[in-house]
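Chemist: got a predicted model here, sequence first, then my questions.
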Amino acid sequence: MPIAEKDVKWVEPPKLGLFDYLYVPAVVTGLMTTARHMFQKPVTQQYPEQEPDLPPNYRGVHRLNRDEQGRVKCVACYMCATACPAHCIDIVAAPSPWPDREKYPETFVIDELRCIYCGMCEEACPVDAIELTSLYDLTGLSREEMIFDKEKLLSVYDQTKNSPKDPVRTSAGRLSVASEPPRETPKAS
Amino acid sequence: MATVYVNDKPVEIGEARLNAIEAAQRAGVFIPHYCWHPALTVVASCRMCLVEVGELKDDGTVQMQPKVVPGCQTPVKHNMVIVTGEYGQHQPNEPIPTPLNYPANYGTPGQRAKKAQADTLEGLLLNHPLDCPVCDKAGECKLQDFSYQYGRSTSRMIDEKNTPPNKPYISSKITLFTDRCIMCTRCVRFTREYSGQGELTVLQRGEHAEIDIFPGEPLENKLSLNVVDLCPVGALGSKDFLYKQRVWYLKSTDSVCPDCSTGCSIHLDTNKDIVYRLRPRENPRAQGWFMCDEGRLGYRYLNSKERLMRPLAGPRGQLGPKTWREIIPALRRDLADRAGRSPDQVVAILSPWLTCEEAFLLARYIKGLAPTATLALGPVPIRGEDDTYPKDRRGRPMQPVRFTIRAEKCPNRRGVEEVLRHFQGEVIPFDRVRDRFTAGQVNVAWVTIGASPDRTGWDEESARAVAQAGLLIVQDLFAGVLTQAAQYVLPSCGFSEKEGTFVNHAGLAQGIRRATNPPQEARAEGQVYLDLMGVTGLFQAASVRRELAATIPFFAPLAAGMDPLGIRLGQVPEPVA
């Protein structure tokens, strides 16, 4: 729809006087900014010698969490793959080898190059199995190297679970499954 | 003429004997239900279809019953008033009916039914686990749909849920997630009334009721997988489809099962050119509501990696891959050359797996090439005898027959026969031309098969006989004796990869639609015939069908286009099942 003429407001640049045309005030203002910064604490970070201090909700490399028994927590429900706007998650589900669960991911692959790090997978996960860590320096020498499989994603968990930045965020994360009694909900104190 | 008022809207039901759910359906009002199924008896056990009913008196007043009643168990009669939980909700472009004269002390119509629905759902969900993320039914689950639409969002249950163990032993093809069951008993009634052998039963009572089998007698009849479709929740799961795909990824295409001449209407569920499952599609003109396990699990060859992927040509035994661009002119030249020299010695064998359109095009092409050519019907695979259901406890068929699995394991014998009859006045079965092959009297043989390798109908002997033809052109899905002996091997398409018409045993023509792309270079038969005839453009089943209807009187009813439920051709009496 074209913009109506009445909605258009014309703005003229301010008129410059003779003094302004000499550019002396502009030069002086610029030099004052430089001088002020000479006496301030520098803002430059010396990366990589100095690691940046990222906020705790930073969305970096994914990890697949483990349960108390060290097994992959994921139940292969495909919610993350369904929510993913970049279609970078590929799961192959299979009947689980464990008696207390019905389904588990036989393979779980994330293409970290295709991922846009929106965090929707984390939000969609009903068992808090996939989380985005604060690992930001993701590098690799080939595309294949950047396609993370289940073992790699679990190893990211092992690497980050003890860091104060990426605590295991929730103790929830179980479906009420046949052979598993529901968990006691903590009483509000 | 009987008139029923559904949410104030008058509906003429004529002489039909309906229950409240069906009557409401005619008024465009959906009454949610779990246990009721049009093919099964009424038990009214799920209580989901509770509605308010009353009667319109002659003086214009309405007398309402004080309690809600199950709609499935309530036959409707003249002047009956049905009020559902959706009372007061109207379609946007529908005239709002005048409200009836409800009694003053009745309260708001629809409130009782609405509360009954919500309470029923709460009851059904008391013991239902919240494992939707790992449940295969999620996405097509009636419990999910109805809870969303009619239920409440939270549960007031504070006790532990019942968690009976799973029962993977109930069948080799089916597993039971006992805790998800809502005891609608559709599966139990199906095995008792439809398949007849009654393998499933209900154990225990009340909250502890469970579906189970008699120890050591699993559910193994040929219709068993229908209980998976019947299950409104995820309690019964097909082991074949278990955890293969989430259902919301699947694209459903209406098609026809090609594995016997019953021609069951099906939904073909595919994703990314892989066929994942077949489900029966309700079609009173074809098979009713269900389909057999053999047909349902007979799709796997379509996804096979062993399929013929590219056209091959060359001298016998030295076939090499060629492109279609090379092979079509070469084939046209070879055929014209040989058919010109010995037009009597051209034989085309039309497989009963071809669609009518393809058979029509091939017959026309061969007859155009050599008017004295012989068109034969390919071997028709017959296995055993027609298998009818229900059966009794000892497996003996019972009357009345409700479902027939036919011995003729191909989809379109009738259609191909009618095409052949038009082109040469009679149907020549394969057996009559076999001797000509063994006598070396065939110079050119065009053989189409296009069937699942376990049900082509070809035996070793016939294949060896046909292999003696001077020039052998084979269109098939898989390599075999014939493709090894051929000079031209044209990879064809399975039924999920092409469009066309199948005519079942009773003369019902139904359309199949393309749901997946053929593997690599494989090309649908119809397209190859058009290419050979020099017609440019893509094969369009609809336009060929129009031509077919105009040419062959038997197919004339197809001129107006294809009906989703199929069109009956010829003077064939209605089938029994």
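Modeler: Perfect, I can see it now.

Chemist: the longest strand along chain A - contacts with which helices or strands?
Modeler: Using DSSP state E to define each element, chain A has its longest strand at strand A:103-111. In terms of contacts (3 or more C-beta pairs under 8 Å, 6 or more residues apart in numbering or on different chains; DSSP states H and E), strand A:103-111 is packed against strand A:89-95, strand A:147-148, helix A:150-160. (C-beta placed from N, C-alpha, C; glycine too.)

Chemist: what's the pLDDT at residue A:179?
Modeler: Note on residue A:179: pLDDT of 35.

Chemist: can you pull out the low-pLDDT segments for the chain?
Modeler: No chain was given, so I picked chain A. A:168-189 (pLDDT under 70).

Chemist: my bad, the chain I had in mind was chain B
Modeler: B:571-577.

Chemist: and the residue of it closest to chain A?
Modeler: Across chain B, no residue is closer to chain A than residue B:133, which sits at 3.3 Å (C-beta to the nearest C-beta).

Chemist: quick one: contacts for the closest residue to that residue other than its chain neighbours?
Modeler: Leaving out its chain neighbours, the residue that sits closest to residue B:133 by C-beta to C-beta, 6 or more residues apart in numbering or on different chains is residue A:77, at 3.3 Å. Going by C-beta atoms under 8 Å, 6 or more residues apart in numbering or on different chains, residue A:77 touches A:103, A:126-127, B:133-134, B:246.

Chemist: can you name the two of those that sit furthest apart?
Modeler: Farthest pair in the contacts of residue A:77 (C-beta to C-beta) is A:127 and B:246. Separation: 15.8 Å.

Chemist: how close does residue B:245 sit to residue A:56?
Modeler: Distance check for residue B:245 against residue A:56: by C-beta to C-beta, to the nearest Å, it reads 37 Å.

Chemist: and of the contacts of residue A:77, the nearest to residue B:94?
Modeler: Closest to residue B:94, out of all of the contacts of residue A:77 and judged by C-beta to C-beta, is residue B:246, at 35.2 Å.

Chemist: residues contacting that closest one?
Modeler: By C-beta under 8 Å, 6+ apart, the contact set of residue B:246 is A:77-78, A:82, B:138-139.

Chemist: what's the biggest helix by length in chain B packed up against?
Modeler: Longest helix in chain B by number of residues (criterion: DSSP state H): helix B:324-341. Helices and strands touching helix B:324-341, as assessed by 3+ C-beta pairs under 8 Å, 6+ apart, comprise strand B:312-313, helix B:356-369, strand B:444-448, strand B:471-476, strand B:488-491, helix B:525-533.

Chemist: which strand or helix spans the residue of chain A found nearest chain B?
Modeler: Residue nearest to chain B within chain A: residue A:77 (3.3 Å; C-beta to the nearest C-beta). Assigned by DSSP states H and E, residue A:77 falls within no helix or strand.

Chemist: look up how far residue A:92 lies from it.
Modeler: 13 Å.

Chemist: repeat for residue B:480
Modeler: 32 Å.

Chemist: who has more neighbours, these two?
Modeler: residue B:480 (18 against 13; other C-beta atoms under 10 Å in any protein chain shown).

Chemist: give me phi/psi at residue A:56?
Modeler: phi -70, psi -20 (degrees, to the nearest 10).

Chemist: nearest spatial neighbour of it, chain-adjacent residues omitted?
Modeler: Residue A:56's closest residue in space is residue A:165 (C-beta to C-beta, 6+ apart), at 6.5 Å.

Chemist: how about residue A:156?
Modeler: Residue A:156's closest residue in space is residue A:63 (C-beta to C-beta, 6+ apart), at 3.9 Å.

Chemist: over to residue B:241?
Modeler: Per C-beta to C-beta, 6+ apart, closest to residue B:241 is residue B:277, 4.8 Å.

Chemist: tell me the bridge partners for the one you found.
Modeler: Per DSSP bridges, the residues bridged to residue B:277 are residue B:269.

Chemist: ok, it touching residue B:240?
Modeler: Yes - using C-beta atoms under 8 Å, residue B:277 makes contact with residue B:240 at a distance of 7.3 Å.

Chemist: quick revisit: in the longest strand of chain A, what counts as buried?
Modeler: A:103-105, A:108-110 (16 or more other C-beta atoms under 10 Å in any protein chain shown).

Chemist: so what strands line up beside it?
Modeler: Assessed with DSSP bridges, strand A:103-111 is paired to strand A:89-95 (antiparallel), strand A:147-148 (antiparallel).

Chemist: just say which of the ones you listed is most tucked in.
Modeler: strand A:147-148 (a mean of 20; mean count of other C-beta atoms under 10 Å in any protein chain shown).

Chemist: residues making contact with that strand?
Modeler: So strand A:147-148 is in contact with A:61-62, A:109-113, A:156, going by C-beta under 8 Å, 6+ apart.

Chemist: neighbours of residue B:77, how many?
Modeler: 14.

Chemist: give the closest residue to it in space, chain neighbours not counted.
Modeler: Leaving aside its sequence neighbours, residue B:77 sits nearest to residue B:2 (C-beta to C-beta, 6+ apart; 6.5 Å).

Chemist: just checking, what packs against whichever strand or helix holds residue B:227?
Modeler: Using DSSP H and E, residue B:227 sits in helix B:226-230. Counting contacts by 3+ C-beta pairs under 8 Å, 6+ apart, helix B:226-230 packs against helix B:186-189, strand B:236-238, strand B:274-280.

Chemist: how about the residues of chain B that lie near chain A?
Modeler: B:129-131, B:133-134, B:160-161, B:163-166, B:177-179, B:242-244, B:246, B:248-249 (C-beta under 8 Å from any C-beta of the partner chain).

Chemist: follow-up on the earlier one: buried stuff in the helix or strand following the longest strand of chain A?
Modeler: Once the chain leaves strand A:103-111, the next helix or strand it forms, by DSSP H and E, is helix A:120-124. Using 16+ other C-beta under 10 Å as the test for burial, helix A:120-124 gives A:120-122, A:124.

Chemist: helices or strands next to helix A:120-124 in the packing?
Modeler: helix A:79-83, strand A:130-132.

Chemist: of all the strands paired with strand A:103-111, which one is nearest residue B:335?
Modeler: strand A:89-95 (46.8 Å).
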